[in-house]
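K.L.:
sequence and predicted structure, then a few things I'm wondering about:
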Amino acid sequence: MTLTPLKTLGRQTFAALANPNYRRYTAGQSISLAGTWMQAIAQSWLVLELSGSATALGVVIALQTLPTLVLGPYAGVVADRMDKRKMMIALQSSMGVLALVLGLLTITGVAQLWHVYLLAFLLGMNNCFENPARQAFVLEMVGPEDLRNAVSLNSVLVNVARAVGPAIAGLVIAAGGLALCFLINAASFVAVVISLLRLDVSELRPSVPTPRAPGQLREGLAYVRRTPELAVPLLMMALVGCLAYEFQVVLPVVAQQTFSGDASTYGFLTATMGAGAIVGGLGVAARGRTGLGALVAASTAFGIAMLAVALAPNLVVALIGMAFVGASSVAFLSIGNSTLQLASEPHMRGRVMALWAVAFLGSTPLGGPIAGVVSQLFGGRAGLALGAAACLVAAAGAAVARHRLRKPAPVEEPEPCPATT
């Protein structure tokens, strides 16, 4: 039977879901990620209530990502050495406990700013080691043939949660307060742990654990340094991740000061960004490409979309612009992630993806406070413009690097043989 073009497109878009293990994993992640976005909204608003400072928001995000900056490369070494599924089970369980503690502190009315700082740092320690294991584990579930599709669908899942989570958070905060968001997030980690326990281990394709040996961290860094197909995307993400993905810092200020809104305004901005990211992620899953050319195009679109929101004359235009920000940002993430995984050797993949996490999340201890100070002094529009500039500069630099990589090396002309007599 001949498939219609629409059915063919559907199969291409959701190809990775034909894998039973990936379906189980996705089901658990969908519940947990919605809870994670609920907590992100509630935590940002809790910090504003406790401090009234955008700079404090930047400090919280920085503390949550500082461990990745400091320990991220070593976390990749650990991921290459260990069973990634078991590692994820332990770390996801620990994150559930941290959410429970924050919920109990808030519901009893004793939460203070230093409590949020400490719990954000401990959550960052968990994320530091869980992130490279989770990124590399996708390939073990679906194989190289469906990797790009699975990575794109993961991005869609994150952004469905980004759209749904804030909307639920707004209702929950109105009905039961901030603490209830933290408690629901704690319960949501049960779903992802159960999904990992229920995977058919015989169907996984785990990479052979790397034996413990000295110099493995240096080995990973040297490998990336001599491989431009890895080094350029990582440098792009270091700049873009540092200054453009600081939405948890910038958007609350945009909602509160630029558009004179409240927590629901912040939720709407985040939700429309998530809705746009769903469309963008599905597009990449169906027809996406990998490589530097595609990454340059995505970074350029991301920068233009952020600049448009920074210049938006009113909230309605800003909400429309945030949909384009979401679509282009998820395209940039998906293309970069897939490009790195497909270009990495299996025994190096954990270390490469740890450096991706360092570039994406570990740059936030620098970028978070910078975005917070810029937004505090010059307004949320300036914070968005700063991110736009980072995207456009990264795209320009990568385009130059790509041109040099594609330029053939000059062929040396053989020296003429001396005349013989």
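P.N.:
Sure thing, it's come through.
K.L.:
so which bits of the helix or strand containing residue 136 are buried?
P.N.:
Assigned by DSSP states H and E, residue 136 belongs to helix 113-142. Within helix 113-142, the residues that count as buried by 16 or more other CB atoms under 10 Å are 113, 115-117, 119-142. C-betas here are computed from N, CA, C, even on glycine.
K.L.:
the helix or strand that it is followed by packs against which elements?
P.N.:
Of the helices and strands lying after helix 113-142 in sequence (DSSP H and E), the nearest is helix 147-176. Applying 3 or more CB pairs under 8 Å, 6 or more residues apart in numbering; DSSP states H and E, one finds that helix 147-176 makes contact with helix 20-51, helix 113-142, helix 178-197, helix 263-287, helix 315-343.
K.L.:
so can I have CSV of these showing mean pLDDT and distance to residue 383?
P.N.:
Below are the helices and strands packed on helix 147-176 laid out as CSV (pLDDT from 0 to 100; distance: least, CB to CB, whole Å):
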stretch, mean pLDDT, distance to residue 383
helix 20-51, 87, 14
helix 113-142, 88, 20
helix 178-197, 92, 24
helix 263-287, 78, 13
helix 315-343, 87, 13
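K.L.:
those helices into CSV, with extra columns for distance to residue 299?
P.N.:
As requested, the helices and strands packed on helix 147-176 are exported to CSV (distance: least, CB to CB, whole Å):
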stretch, distance to residue 299
helix 20-51, 24
helix 113-142, 20
helix 178-197, 31
helix 263-287, 13
helix 315-343, 6
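K.L.:
just so I know, which of these lies nearest residue 91?
P.N.:
For residue 91, the closest of those is helix 113-142, at 4.0 Å, according to CB to CB.
K.L.:
the closest one vs helix 315-343, what angle?
P.N.:
Taking axes from the mean of the first three to the mean of the last three CA atoms, to 10 degrees, one finds helix 113-142 and helix 315-343 inclined to each other by 50 degrees.
K.L.:
helices or strands next to helix 113-142 in the packing?
P.N.:
helix 20-51, helix 54-81, helix 84-107, helix 147-176, helix 315-343, helix 349-357.
K.L.:
of the helices and strands packed on helix 147-176, which is nearest residue 386?
P.N.:
Using CB to CB, the helices and strands packed on helix 147-176 put helix 315-343 closest to residue 386, at 13.9 Å.
K.L.:
which residue comes closest to residue 205 once chain neighbours are left out?
P.N.:
Nearest residue to residue 205 in three dimensions, chain neighbours excluded: residue 140, at 5.3 Å (CB to CB, 6 or more residues apart in numbering).
K.L.:
that neighbour contacts residue 201, correct?
P.N.:
No - in this structure residue 140 lies outside contact range of residue 201 using CB atoms under 8 Å: 10.4 Å.
K.L.:
show me the common contact partners of these two, please.
P.N.:
Shared contacts of residue 140 and residue 201, defined by CB atoms under 8 Å, 6 or more residues apart in numbering, are absent.
K.L.:
which ones are touching residue 217?
P.N.:
73-74, 77, 351.
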